[in-house]
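**Student:** Please find the sequence and the predicted model below.
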Amino acid sequence: NAGVTQTPKFRVLKTGQSMTLLCAQDMNHEYMYWYRQDPGMGLRLIHYSVGEGTTAKGEVPDGYNVSRLKKQNFLLGLESAAPSQTSVYFCASTLTGGTDTQYFGPGTRLTVL
Amino acid sequence: AQSVAQPEDQVNVAEGNPLTVKCTYSVSGNPYLFWYVQYPNRGLQFLLKYITGDNLVKGSYGFEAEFNKSQTSFHLKKPSALVSDSALYFCAVSPTGFQKLVFGTGTRLLVSP
């Protein structure tokens, strides 16, 4: 089992460019999450999904879109990147949500110039 | 609104000494509480969780945490710290019936030889 994988690992964008971050899990988990991690602010939830074909907004959804077309994949899109989106992005998955343990990917470090 | 507070940005302890990393929470209803650890340039790893039952929860790598409902706290402890315990520690809460976690801002633990 690879667990949760994220691509790419690093990316540098210019302001206004777009990109998609891919998260994949091979544990047949229903729930998937996208977080961003910024110094002194911990992890903040961007969007999440409770199953294939579903998405919901988290704490900081503005400027991001997501899709969950396949159960194992959760995509995070930035349509027009801004310097404020410079961050480390983590994907996580869990079988049932709530009480269940979240399994995290290794992260994507994004810099927007 | 649900929230988690980790009042210490950093905790310093000498190897072999006991360590405590503090966490307090605010939720409506019964909380589900978690501790995660993050090593440099890695994703978060699950340490332990409290769902119900015994207030003292034992987890990975010799860590334990005590749930105190009256003080709304869930402090992480270890009887004898190791240099390899040096990492960033996150407390998180999931209110009953919720599908997602709310994370604290993290506490950096530095264990000196």
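**Tutor:** Structure received. Residues are numbered from 1 along each chain as shown, chains lettered A, B, ... in the order given.

**Student:** Spatially nearest residue to residue 49, not counting backbone neighbours?
**Tutor:** By default, I'm working from chain A. Counting by CB to CB, 6 or more residues apart in numbering or on different chains, residue A:49 lies nearest to residue A:68, which is 4.2 Å off, once chain neighbours are set aside. (C-beta placed from N, C-alpha, C; glycine too.)

**Student:** should've been chain B
**Tutor:** residue B:34 (4.6 Å).

**Student:** what's the burial count for that neighbour?
**Tutor:** By other CB atoms under 10 Å in any protein chain shown, 28 other residues sit near residue B:34.

**Student:** before we move on, the earlier item: tell me how far the residue nearest to residue A:49 lies from residue A:55.
**Tutor:** Applying CB to CB, to the nearest Å, the value for residue A:68 to residue A:55 is 6 Å.

**Student:** ok so, going back, direction included, what does the strand or helix carrying the residue nearest to residue B:49 pair up with?
**Tutor:** Assigned by DSSP states H and E, residue B:34 belongs to strand B:31-38. With DSSP bridges as the test, strand B:31-38 is paired with strand B:44-50 (antiparallel), strand B:87-95 (antiparallel).

**Student:** Point out where the chain drops to low pLDDT.
**Tutor:** Using chain A. Along chain A, the model assigns pLDDT under 70 to residues A:98.

**Student:** should've been chain B
**Tutor:** B:96-97.

**Student:** For it, which segments are assigned as strands?
**Tutor:** B:3-5, B:10-14, B:19-21, B:24-26, B:31-38, B:44-50, B:56-58, B:64-68, B:73-78, B:87-95, B:102-103, B:107-112 (DSSP state E).

**Student:** Give the burial count for the nearest residue to residue A:76 once chain neighbours are set aside, as a bare number.
**Tutor:** Excluding the flanking residues, the one nearest residue A:76 by CB to CB, 6+ apart is residue A:21, at 4.4 Å. Other residues within reach of residue A:21, judged by other CB under 10 Å, total 21.

**Student:** Which strands border the helix or strand where residue A:21 lies, and is each parallel or antiparallel?
**Tutor:** Here residue A:21 sits within strand A:19-25, counting by DSSP H and E. Strand A:19-25 has these partner strands in its sheet, going by DSSP bridges: strand A:4-7 (antiparallel), strand A:73-78 (antiparallel).

**Student:** Of all the ones you listed, which one is nearest residue A:34?
**Tutor:** Comparing the strands paired with strand A:19-25 against residue A:34 with CB to CB, the closest turns out to be strand A:73-78 (4.8 Å).

**Student:** How about the residue of chain A found nearest chain B: what's its closest non-neighbour residue?
**Tutor:** Proximity of chain A to chain B (CB to the nearest CB) peaks at residue A:104, 3.5 Å away. Excluding the flanking residues, the one nearest residue A:104 by CB to CB, 6+ apart is residue B:43, at 3.5 Å.

**Student:** From residue A:101, how far out is that neighbour?
**Tutor:** For residue B:43, the distance to residue A:101 - CB to CB - is 13 Å.
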